[in-house]
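Trainee: Here is the input, now give the coordinates:
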Amino acid sequence: MIASLKGTLLRKSPEGVVLEANGVGYEVLVPLPTLYQLPDAGAQVQLMIHTHIRENQILLIGFLHQEDKDAFRFLTTVNGIGPRLAVNILSGLPAGELLEAIVCKDTDRLRKIPGVGKKMADRIVVELNDRIPSRQWVIAQTEALPPQQRQLYTEALSALMNLGYKRKQSEKAIERAFRKEADPEGLDIETLLKSTLRELVREA
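Mentor: Predicted structure coming up:
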């Protein structure tokens, strides 16, 4: 099972890339956001690989970031979504935006992706909405936060959801708590949770 490839990028196009590693050229399917982040041909690159094996077919799917690979694997657990459709979905919505659409149950956003109709969009939301692990995923709104604050955000979100609060309600309260802190960089999880709970009480 190939988990990663490091070598020379020989060719790239929307149909895929060719990466030469140890004298062997590997054809790799990649989502468009990954393709756009790749350097020009001739450069050295490393891709995280998902190896899909079915009957006599071996398909390699490549990603630059772990969250994209995780999103791909997550999508392929949905009934009716194979590797190529999962790549197509991630080409239309990068991992962070895809997660946001799922947790917000924004099926209209999903339906704009070629190949995803109403039934498939509904299925993605129904099958994945309650299964997204809060500690492993960071929604798109947190991408601008420093790593430490991002970690606090996900820890607080997980704790609040375990207490029974809804995800969207918790996210908004956490964001308000961050904005009200004079020194957000000096926050710890206990302080952030107390501030967030105060926001939730005011909201109620």
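Trainee: For the residue nearest the centre of the chain, which non-adjacent residue is spatially closest?
Mentor: Centroid-nearest residue in the chain: residue 95, 2.9 Å away (criterion: C-alpha atoms, centre = their mean). Nearest non-adjacent residue to residue 95, counting by C-beta to C-beta, 6 or more residues apart in numbering: residue 71, 3.9 Å away. In short, each C-beta sits where N, CA and C put it, glycine included.
Trainee: Now do the SS call for that neighbour.
Mentor: Assigned by DSSP: H, G, I helix; E, B strand; the rest coil, the conformation of residue 71 is helix.
Trainee: what number of residues lie near it?
Mentor: Residue 71 has 24 neighbours, counted by other C-beta atoms under 10 Å.
Trainee: Run a quick neighbour tally on the closest residue to residue 181 other than its chain neighbours.
Mentor: Among residues not flanking residue 181 along the chain, residue 187 sits closest, at 5.9 Å (C-beta to C-beta, 6+ apart). Using other C-beta under 10 Å, residue 187 has 17 neighbouring residues.
Trainee: pretty sure the residue nearest to the centre of the chain contacts residue 63?
Mentor: No: contact criterion C-beta atoms under 8 Å: residue 95 and residue 63 do not qualify, at 9.0 Å.
Trainee: shaky segments in the chain?
Mentor: 132-145, 147, 184, 204 (pLDDT under 70).
Trainee: quick check: domain ranges of it?
Mentor: Using automatic domain parsing, the domain parsing of the chain gives 4-63, 66-131, 140-203.
Trainee: Most tightly packed of these?
Mentor: Per residue and on average, the most neighbours among these fall to domain 66-131, with a mean of 18 (mean count of other C-beta atoms under 10 Å).
Trainee: Which neighbouring elements make contact with the one helix or strand residue 178 maps to?
Mentor: According to DSSP states H and E, residue 178 maps onto helix 167-180. For helix 167-180, the packing partners by 3 or more C-beta pairs under 8 Å, 6 or more residues apart in numbering; DSSP states H and E come out as helix 147-162, helix 189-203.
Trainee: before we move on, the earlier item: could you list every residue that touches the residue nearest to residue 181?
Mentor: Contact partners of residue 187, counting by C-beta atoms under 8 Å, 6 or more residues apart in numbering, are 149, 152, 178, 181.
Trainee: OK, contacts around the third one?
Mentor: Okay, so that is residue 178. Per C-beta under 8 Å, 6+ apart, neighbours of residue 178: 149, 153, 184, 187, 192.
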